[in-house]
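>>> Sequence plus the predicted model coming up.
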Amino acid sequence: MNIAQRIINSGPIGSWESHYCNMSGTISWTEEDSTTAITIYGTPDWENERGETPIASLNMFGKYSDVDVITLKGTPNEQLSMYRKAILQTIKNVI
């Protein structure tokens, strides 16, 4: 199972659910009951195969902001843990 599949199968982070877009291959996170209407993007190996994962946010007004770029390293479990921690930190920073 690749990292994207592991992320989708890993479940929500708090009230934030992950979504995989088959057309673009992106992974996004949204909070369905939120009034802030923020989407967080974090797709491993986006536009490269070096393990880099850009993290960005998109607000309800269409403002896109680059947040961070993390490099996933280690075992698959370590990569998943690193990814989820980065998404959680992003959630805390944008809400």
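Ah, there it is.
>>> Does Leu80 lie in a helix or a strand, and which?
helix 76-94 (DSSP states H and E).
>>> confidence score at Trp46?
Trp46 is assigned a pLDDT of 83 by the prediction.
>>> next one: the one 3 residues further on
The confidence metric pLDDT takes the value 70 at Glu49.
>>> Determine the three-state secondary structure at it.
Look at Glu49: counting by DSSP: H, G, I helix; E, B strand; the rest coil, its state is coil.
>>> Can you get me a residue count around Ile55?
If you count neighbours by other C-beta atoms under 10 Å, Ile55 ends up with 21. (Each C-beta comes from the backbone N, C-alpha and C, glycine too.)
>>> Tell me where the model's unsure across the protein.
By pLDDT under 70, the weakly predicted segments of the chain are 34-35.
>>> where do the helices sit along it?
3-9, 76-94 (DSSP state H).
>>> and those as a markdown table, adding distance to Tyr41?
A markdown table is the format used below for the helices of the chain (distance: least, C-beta to C-beta, whole Å):
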| stretch | distance to Tyr41 |
| --- | --- |
| helix 3-9 | 12 |
| helix 76-94 | 10 |
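>>> Which one of those lies nearest to Lys63?
Checking those against Lys63 by C-beta to C-beta gives helix 76-94 as the closest, at 11.0 Å.
>>> Report all helices and strands that that closest one contacts.
helix 3-9, strand 39-42, strand 52-58, strand 64-71 (3 or more C-beta pairs under 8 Å, 6 or more residues apart in numbering; DSSP states H and E).
>>> which residues touch the closest residue to Gly42 other than its chain neighbours?
Nearest non-adjacent residue to Gly42, counting by C-beta to C-beta, 6 or more residues apart in numbering: Ile55, 4.6 Å away. Applying C-beta atoms under 8 Å, 6 or more residues apart in numbering to Ile55 gives the contacts 40-42, 66-70, 86-87, 90.
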